[in-house]
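> need a 3D model of the sequence below.
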Amino acid sequence: MAEGGSKPDALAAIIREDAVFHSPVVHTPQEGREIVVAYLSAAGQTLGNDSFRYLREMVDGTTAVLEFTTEMDDIHVNGIDMITFDDDGLIKDFKVMVRPLKAVNKVWEMMAAQLERQKT
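Just a heads-up that it's a prediction; the model follows:
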């Protein structure tokens, strides 16, 4: 999905209606397919540049943990996507964690700008 640019229609097809997204920069969980698609699409636009790559994948039953790395404005970003699937293979929970603090601040800045652009 990340390689394909995280297109909203493609994301919506693999996310449950009641899915939940946990952002590294927003305190409360974001609930519902529409908001999860918006966040993941924005993440694909901001994090998914030429330097983005997954480093490791760990799978246990219906949970996958994917470690990634990327560069954003010359800031190294290291993070993980923790994804839980339902029995039909749809995403029901998606949590992103990012480090170091400088990267968290850059992700917040760029994601906020991308989400604002998506509204218009």
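
> wait, residue 103 sits on residue 74?
No: Residue 103 is beyond contact range of residue 74, at 11.2 Å (criterion: CB atoms under 8 Å). (C-beta placed from N, C-alpha, C; glycine too.)

> ok, those two, which is more surrounded?
When neighbours are counted by other CB atoms under 10 Å, residue 103 comes out ahead of the other of residue 103 and residue 74, with 20 against 6.

> now the more buried one, what are its backbone angles?
Note on residue 103: its backbone torsions stand at phi -70, psi -40 [degrees, to the nearest 10].

> these two touch, right, residue 104 and residue 25?
Yes: under the criterion of CB under 8 Å, residue 104 makes contact with residue 25 at 6.3 Å.

> the two: which is more packed in?
Neighbours were counted for residue 104 and for residue 25 using other CB under 10 Å; residue 104 has more, 17 against 13.

> residue ranges in the chain under the pLDDT threshold?
Within the chain, the stretches with pLDDT under 70 are 1-6, 120.

> and the residue nearest the centre of it?
Central residue of the chain (CA atoms, centre = their mean): residue 40, 4.5 Å from the mean position.

> can you tell me how far it is from residue 74?
Distance from residue 40 to residue 74, counting by CB to CB, to the nearest Å: 24 Å.

> quick one: the strands in the chain?
For the chain, the strands defined by DSSP state E cover 15-22, 30-31, 53-60, 63-72, 75-85, 91-99.

> how far does the second one sit from the chain's center?
To tie it back to what came earlier, the one meant is strand 30-31. Here the centre of strand 30-31 is set off from its chain's centre by 13 Å, with CA atoms, centre = their mean, to the nearest Å.
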